[in-house]
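# Only the shape, not the letters, is given here:
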């Protein structure tokens with residue numbers, strides 16, 4: 001039986017790399033989407049050294065239309081269709097991010113990677129997914145994108161307010177709903193890995209990368225009767 005294929009953006013380290021590791025262990029063929037060739041090859045070699053040989057590098061800078069199109073063209077030569085797209089690439093932006101005094105550049109930089117780039121990758125890669133028996137898109141989000149949780153003073157992260165990062169994930173969540181509605185034959189969900197210790201947050205999170213990747217992997221493996229247009233964390237459905 002032919003292995004299912006997965007493209008993961010921002011996959012050379014952290015949660016993206018661990019997601020690749022877990023899915024490769026589960027029998028998927030992984031395309032490791034990386035912006036930096038050297039770091040990408042290092043990540044591929046690391047997984048190969050662990051016996052995970054069904055991992056290949058795909059160079060992709062999600063902020064560049066030309067780069068994303070080149071990545072699409074390259075994959076379209078290798079495979080008939082892509083089964084799973086995991087939009088993992090993201091940035092926190094410069095901190096602090098006070099609502100009343102965050103520079104325009106921070107907003108633009110964060111939204112470019114966390115929101116506009118996801119829409120760009122989806123737009124370009126959906127044609128390669130249309131013929132898959134069960135196409136799935138996972139948009140990696142954050143619970144900091146939940147307006148409901150941010151409005152609850154008892155929430156453990158209530159005081160973590162970010163003018164750019166959180167709203168970029170709220171926008172991603174809204175986009176996920178619209179995308180799931182349009183792509184009726186796809187399973188499209190937003191998945192929150194939780195506060196995971198990676199370079200993204202100077203390794204301050206209380207979850208391991210294994211724990212952070214787990215809900216992403218679980219959602220990437222859902223069948224064609226699985227949920228779509230939902231917002232998940234490791235504890236289940238997250239309130240919008």
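Sure thing, it's come through. These numbers come from a predicted model, not from an experiment.

# Residues contacting the longest helix along the chain, please?
Longest helix in the chain by number of residues, with DSSP state H as the criterion: helix 165-182. Contacts of helix 165-182 with the rest of the structure, by C-beta atoms under 8 Å, 6 or more residues apart in numbering, involve 92-93, 97, 110-111, 114-115, 118-119, 122, 137, 139, 141-142, 144-147, 150, 186-190, 228-229, 231, 240. (Each C-beta comes from the backbone N, C-alpha and C, glycine too.)

# From those, list the buried ones, please.
Among the contacts of helix 165-182, the ones that count as buried by 16 or more other C-beta atoms under 10 Å are 92-93, 97, 110-111, 114-115, 118-119, 122, 137, 139, 141-142, 144-146, 150, 186-190, 228-229, 231.

# Can you flag which of those belong to strands?
Judged by DSSP state E, the subset of those located in strands is 137, 139, 187, 188, 189, 190, 231.

# will you turn those into a markdown table that also has pLDDT?
Output for those, formatted as a markdown table (pLDDT from 0 to 100):
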| residue | pLDDT |
| --- | --- |
| 137 | 98 |
| 139 | 98 |
| 187 | 98 |
| 188 | 98 |
| 189 | 98 |
| 190 | 98 |
| 231 | 98 |
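
# would a markdown table of those with distance to residue 48 be doable?
A markdown table is the format used below for those (distance: C-beta to C-beta, whole Å):
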| residue | distance to residue 48 |
| --- | --- |
| 137 | 27 |
| 139 | 28 |
| 187 | 30 |
| 188 | 31 |
| 189 | 30 |
| 190 | 31 |
| 231 | 34 |
